[in-house]
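Trainee: Here you go, sequence then predicted model.
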Amino acid sequence: MLTEQYGPLQKKMFQIMDETGAILSPDLVPDRSEEEWLQSYKLMLKTRSADNKALQLQRQGRMLTYAPNTGQEAAQVGSAAAMEKGDWLVPAFRELGAWLSRGVDLERVYLYWYGNELGSQFPEDVRMLPISVPIASQLQHAVGVAMASNIKGESDVTVAYVGDGGTSIGDFSEALNFAGVFNAPVVFIIQNNQYAISVSRQKQTKAETLVQKAVAAGIPGILVDGNDLMAMYAATKEAIERARRGEGPTLIEAYTYRLGAHTTSDDPTKYREDEEVETWRDKDPVKRMKAYLIGKGVWSEEEDAKLIEEYDEEALEVFRKVEASGETKLEDIFKYHFREMPPHLQEQYEEYVQYLEEVE
Amino acid sequence: MLTEQYGPLQKKMFQIMDETGAILSPDLVPDRSEEEWLQSYKLMLKTRSADNKALQLQRQGRMLTYAPNTGQEAAQVGSAAAMEKGDWLVPAFRELGAWLSRGVDLERVYLYWYGNELGSQFPEDVRMLPISVPIASQLQHAVGVAMASNIKGESDVTVAYVGDGGTSIGDFSEALNFAGVFNAPVVFIIQNNQYAISVSRQKQTKAETLVQKAVAAGIPGILVDGNDLMAMYAATKEAIERARRGEGPTLIEAYTYRLGAHTTSDDPTKYREDEEVETWRDKDPVKRMKAYLIGKGVWSEEEDAKLIEEYDEEALEVFRKVEASGETKLEDIFKYHFREMPPHLQEQYEEYVQYLEEVE
Amino acid sequence: MAVMNLISTINHTLDVELERDDSVVVFGEDVGLEGGVFRATVGLQKKYGEKRVFDTPLAESAIVGTAVGMAINGLRPVAEIQFSGFIYPAYNQIISHVARMRNRTRGRLHLPMVIRMPHGGGIKALEHHSESLDTLLGHIPGLKVVTPSTPYDAKGLLLSAIRDDDPVIFLEPSKIYRAFKQEVPEEDYTIPIGKAKVLKEGTDVTVVTWGAYVHEALKADKLLTEEGIQAEIIDLRTISPIDRDTIIESVQKTGRFVVIHEAAKSFGPGAELIALVNEGAFLHLEAPPTRLAGFDVTIPIPRGEHHYFMDAQRMAAGIKKVVHY
Amino acid sequence: MAVMNLISTINHTLDVELERDDSVVVFGEDVGLEGGVFRATVGLQKKYGEKRVFDTPLAESAIVGTAVGMAINGLRPVAEIQFSGFIYPAYNQIISHVARMRNRTRGRLHLPMVIRMPHGGGIKALEHHSESLDTLLGHIPGLKVVTPSTPYDAKGLLLSAIRDDDPVIFLEPSKIYRAFKQEVPEEDYTIPIGKAKVLKEGTDVTVVTWGAYVHEALKADKLLTEEGIQAEIIDLRTISPIDRDTIIESVQKTGRFVVIHEAAKSFGPGAELIALVNEGAFLHLEAPPTRLAGFDVTIPIPRGEHHYFMDAQRMAAGIKKVVHY
Ligand SMILES: Cc1ncc(C[n+]2csc(CCOP(=O)(O)OP(=O)(O)O)c2C)c(N)n1
Ligand SMILES: Cc1ncc(C[n+]2csc(CCOP(=O)(O)OP(=O)(O)O)c2C)c(N)n1
Ligand SMILES: [Mg+2]
Ligand SMILES: [Mg+2]
């Protein structure tokens, strides 16, 4: 069990691959074909392209506030890759790589950040909850979803995400505690990207690691190099399997870094040193995985450059579609509050429509 | 350091005295005179008398809902005895022994449970916050009080209480985490009396101990036999001294048992076995301390019986006074919301007074 | 037909629905083994097992938050909050998620869930055990808020609430949990959410109230009748959305309006009803629409609570003022 | 006299008070090192040190809860909540403790503390960043709730708030943080809490609003003036306690009343004002007192928010209806 070797109190970080893409522990490499790793890698690239494009568009004033993922792709794609068909994904708001891995359309994602609630109207077969802005509150939903799986006797597992900042909020602790008590089949993944907006991980808690918060709930945990796709996959896989066997929840701390800004509204130079960022650029999860795949002979610089270009174009294409979608339809802001619109809401809607007709 | 030997992960419980009152570890006995121990013992007796009287009066329909302390006197008196003059006490609602130790009048206490807010109007020199009904919310106040001591450069320490049930609420985790981050001079004492109303400690969390929740905040902790007055005193003393030295917060789990009902409104036979209660009666902290003191020759059965009788009478006396105090004065429910009553409140008050005059 | 008080009706109704619908689950603090501090769920764990009726750790936010997740994943959770005054730790979950999930996902997810709790005061309880949440919940778009005043209504409304595909907050007036009994049909029936009930017709003044105050208002009505005043007494039953039609129709007839509630006056539910009456019956008004409301104070603990809660006499005095305006 | 926008005025005012009074401390998420996501506290940590101006972990309940403790132990905490939509996790602390400590202890403890936050919407922000808390805070006995609409008022009101011996919630309309500049005196001055301000006298209709909508209402007033309508425009400034006298006096003069607010309509702040107007000026009313309010919906994210927030034209149309009733 990885959680025994790299448990909350071992003060060791689980890694399979080093910063150059070299395998540190061949026996720990998960049983997956090179093709499968390549697929995951492509999802990482796609995530990064989508990020870059969103930022670029935002600077052009075409996109609204956007929360970038660059640097965290392995934590996101690696964990999601370990999920199976019926499993549920419960996001915070910075897991683009995981969403794309689970079949969410980039179009929906862009639509959301473009400011339309239709961006959260996922297709029926995508078992993902919408983005949750109130930090950590989503973890309780995740536990509830997982408890329901238990109650109904179904074997689906729920994978939920939260940031390092989110571990300070009461909802986080309550969720872990409920998960422990009800033996809920849920995997909590902390993307510890070292910052909550400007507040560094060190100011967030005196705990030496975030994963040791699992101890409070009496559940297992593991500290993982979040920039190591293979380690993230392996740790999540083990946790999901444990949950599916009826052995309850796990907390995973993915130790990673947000290379970009918190969102397009902030300026990270105000609160961190370039030097620090540079150190982490060396640990870039994409670079690392690329080196591995090229080393294995299943990928090349040329293919890489070409694919990035493709993804960039695709992202722009998708955005153009989103941009063309225009404003939210008036009726949409009224009609989804209840199965049936209550009379007062119906009236407010009609009055407003009438007003709009009058002023036109 | 006791917290090292009996820390959150040692799975050992700190004890000095066994169930018969015999000293297990003479070298750990705190440096206190027999007279001081006797004083603490008397406070335990006084607490129990006040409890018994309140219950008796409640059955007679003279007292309202009351939350008994019987069985937890050592946890309460032992911890409070370690406090010094300027230190702050932040209660939950079941720490009568601690309140009395800190100079709160039984009259105020009875007045509170009798249903008058004046029961929380402590004299200026009593540094105690009022009872906090919303479970665990008071811990954040405690941290704030302690942070203020730090900010002002004062050396007072804050001692705060919570129940086992209270450790499941988000406010508990947030408070510990803040205390850690700000190195607040605060001691958190969990009175683990094994139940939160009907919910047993086992159902409250999967954590093997409650003290291990300290790990989540990266702060030290200690599991203490809460029915052992000396151990409670020693552990709290050490924690307070650490805090006063500027070394931050500590979590203490006082392992104890509520021998009575949750409050006068519940019937514990609905959720626990008599057998279990009996086992715990053998561990009665009062009995244990009495045996010790009698063994030391500083106390006798006769003195004991006499003092109990005195305390019983005193409690009744106090209650009679409270009972005679009658109803809350009308103006009291209006005039304490703000330094000055705003006009609308003044008007509501006057209108009502007028109405009362009219109907008389 | 059995004769039941309010609390045993709640118990009976949960039983009916747990039996009928496998997706219903019931939980909260002390709800399982003990059967609830008011005994609302007594016997249900034994009958339906620990998977469907269970105790939770002490954490209101998680109780509501996990209910959200359960509702998403195919269950119909019925969560108990031990007292309405302990809902506040769950307020973020309620306002940010319970009320918004359907709209946020444009209909993709919806939350068939009920949060039920003892509500209101007058039971000589400790601080925080007497709170009125009418405004604090009624103001939140996306919630339905219901409060029965009789065992009969409680069953019909609770069944509607559990079967509703959207979240319903179910406020149970604790003061009348055991105040009186009533015949409650064994069989299945529902009462629509969003409909007020005219308890007694009258022509002189419209009196709207709900929860425990309904019974005090009916007593006040007797006093008024003695003086020849014909009040129309309406039990609001649903706090949100309000049944405007019933109220406005009544005020158009009587020309006078009084709303009586436990909650504090300022920004209280009475304000909303007065605004509605202005919108719908302005030209019919013969006196200022008036609220008899809680003072703008924290509800006193027992020795002072009689100052806060209104009795029939005070209600009658207030109504008379409006009639004689 | 310096020319400042709203956000720099907040910064300046905190600076003034940190300088003047050692017991003032300023904290919240991103408040210290970064100086706040809106830059309200920029430079203050450098000037006053980490003991008095600091970042907290991400936990609103603890931010407010520790402020309570600090206030008890002799400080004057000024806590920032990053956006009003993130106040909900702290709602228990606010309602159960902030609002009640003085009354609970019958005056023994009181809480000189301020909770300030960006408030309201219209800035094309993400979900939960556009919330209006008027009712949800105004309804709580024991709180004062203030919201300035200009830099000048912001300084005077914030100084009053910090110096108040009771808790004050200070809501800053984020939409106008940088919308315009104004001359703000360098020296010390306060504006009393609980006083509305008549911005423009008029005889035809009383219009009450606050926060960012004040400026839209003044634009609407221009449109009305063009049509010969003389509106009296009042900036409420304090949401609780409401300055009834100013409003009622105005309505007694104009006979017509319109309240305009961002918050959802039902159980919203407009209802309270309408109730007050009924209580104080019923016989003067020539038209139904009317609210122009947010729809009873969750505030839409950016592509739909223009449907929700009112512009001057829509306000003017609504006011005209009341005038021509
Ligand atoms: C309850 C709450 N408080 C404050 C915010 C504002 N906010 C948005 S993101 C953020 C930081 C989150 O940090 P972290 O959890 O580490 O996630 P990251 O942004 O690093 O992915 C804050 C404070 C919020 N969304 N919710
Ligand atoms: C937030 C909140 N939820 C529920 C309650 C109701 N309640 C009062 S005491 C109690 C149990 C507390 O258990 P514990 O913390 O173990 O303290 P004990 O009563 O054992 O001293 C509960 C659930 C409350 N007071 N506050
Ligand atoms: Mg982070
Ligand atoms: Mg307990």
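Mentor: Nice, I can see it. Residues are numbered from 1 along each chain as shown, chains lettered A, B, ... in the order given. Ligands and ions are numbered 1, 2, ... in the order given.
Trainee: What helix or strand is the residue of the stretch 51-200 of chain C found nearest ligand 1 located in?
Mentor: Distances between the stretch 51-200 of chain C and ligand 1 by C-beta to the nearest ligand atom are smallest at residue C:92, namely 7.3 Å. Heads up, the C-betas are built off the backbone N, CA and C, glycines and all. When secondary structure is defined by DSSP states H and E, residue C:92 falls within helix C:91-93.
Trainee: which strands and helices sit next to that helix?
Mentor: Here helix C:91-93 touches helix A:137-152, helix C:60-72, helix D:91-93, going by 3 or more C-beta pairs under 8 Å, 6 or more residues apart in numbering or on different chains; DSSP states H and E.
Trainee: how about the ones you listed, which one is nearest ligand 2?
Mentor: Proximity to ligand 2, assessed across the helices and strands packed on helix C:91-93 by C-beta to the nearest ligand atom, is greatest for helix C:60-72 (5.7 Å).
Trainee: Can you list the helices and strands that the closest one packs against?
Mentor: Counting by 3+ C-beta pairs under 8 Å, 6+ apart, the elements that helix C:60-72 packs against turn out to be helix A:137-152, helix A:170-181, strand C:24-28, strand C:76-80, helix C:91-93.
Trainee: Tell me where chain C has helices.
Mentor: Using DSSP state H, the helices assigned to chain C run over residues C:6-20, C:44-48, C:60-72, C:91-93, C:101-104, C:134-138, C:151-163, C:213-226, C:244-254, C:269-281, C:302-308, C:312-323.
Trainee: Kindly reformat those as TSV containing mean pLDDT.
Mentor: Formatted as TSV, the entries for these read as follows, by pLDDT from 0 to 100:
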stretch	mean pLDDT
helix C:6-20	98
helix C:44-48	98
helix C:60-72	98
helix C:91-93	98
helix C:101-104	98
helix C:134-138	98
helix C:151-163	98
helix C:213-226	98
helix C:244-254	98
helix C:269-281	98
helix C:302-308	96
helix C:312-323	98
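Trainee: Save these as TSV, and put in distance to residue C:181 and mean neighbour count too.
Mentor: Supplementary listing: the helices of chain C in TSV, determined by distance: least, C-beta to C-beta, whole Å; neighbours: other C-beta atoms under 10 Å in any protein chain shown:
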stretch	distance to residue C:181	mean neighbour count
helix C:6-20	8	21
helix C:44-48	21	17
helix C:60-72	30	30
helix C:91-93	35	29
helix C:101-104	38	24
helix C:134-138	26	27
helix C:151-163	7	24
helix C:213-226	13	20
helix C:244-254	27	20
helix C:269-281	28	26
helix C:302-308	25	20
helix C:312-323	21	20
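Trainee: top helix in chain A by residue count?
Mentor: Using DSSP H to define each element, chain A has its longest helix at helix A:34-59.
Trainee: what about that helix and chain D, any contact?
Mentor: No - if you take C-beta under 8 Å from any C-beta of the partner chain as the test, helix A:34-59 misses chain D, and the best it gets is 12.1 Å.
Trainee: could you give me the average pLDDT of the helix or strand just after that helix?
Mentor: Reading on from helix A:34-59 to the C-terminus, the next helix or strand found by DSSP H and E is helix A:73-81. Confidence over helix A:73-81, taken as the mean pLDDT, stands at 98.
Trainee: which other residues reach helix A:73-81?
Mentor: Helix A:73-81 is contacted from outside by A:36, A:40, A:43-44, A:47-48, A:69, A:89, A:95-102, A:159, A:187, A:189, A:191, A:226-233, A:236, A:252, A:254, A:256, A:285-286, A:288-289, using C-beta atoms under 8 Å, 6 or more residues apart in numbering or on different chains.
Trainee: Sort out for me which of those are in strands.
Mentor: Secondary structure defined by DSSP state E assigns A:89, A:159, A:187, A:189, A:191, A:252, A:254 of those to strands.
Trainee: Smallest gap between the stretch 1-150 of chain A and chain B, at which residue?
Mentor: With distances taken as C-beta to the nearest C-beta, the stretch 1-150 of chain A approaches chain B most closely at residue A:9, which sits 6.9 Å away.
Trainee: Assign a three-state SS to that residue, would you?
Mentor: coil (DSSP: H, G, I helix; E, B strand; the rest coil).
Trainee: So it is in contact with residue B:9, correct?
Mentor: Yes - with contact defined as C-beta atoms under 8 Å, residue A:9 and residue B:9 form a contacting pair (6.9 Å).
Trainee: How is chain A divided into domains?
Mentor: A:2-327, A:329-360 (automatic domain parsing).
Trainee: just the ones you listed: most buried one?
Mentor: Among the domains of chain A, ranked by average contacts under mean count of other C-beta atoms under 10 Å in any protein chain shown, first place goes to domain A:2-327 (a mean of 22).
Trainee: any residue of that domain up close to ligand 2?
Mentor: No - using C-beta under 6 Å from any ligand atom, domain A:2-327 never reaches ligand 2; the gap is at least 11.4 Å.
Trainee: which one of the helices and strands packed on helix C:60-72 lies closest to ligand 3?
Mentor: With C-beta to the ion, the closest approach to ligand 3 among the helices and strands packed on helix C:60-72 belongs to helix A:170-181: 12.7 Å.
Trainee: Briefly note if the closest one comes near chain C.
Mentor: Yes - for helix A:170-181, a contact with chain C is found by C-beta under 8 Å from any C-beta, at A:170-171, A:174-175, A:177-178, A:181.
Trainee: returning to what we had before: what average pLDDT does the longest helix of chain A get?
Mentor: Per-residue pLDDT over helix A:34-59 has a mean of 97.
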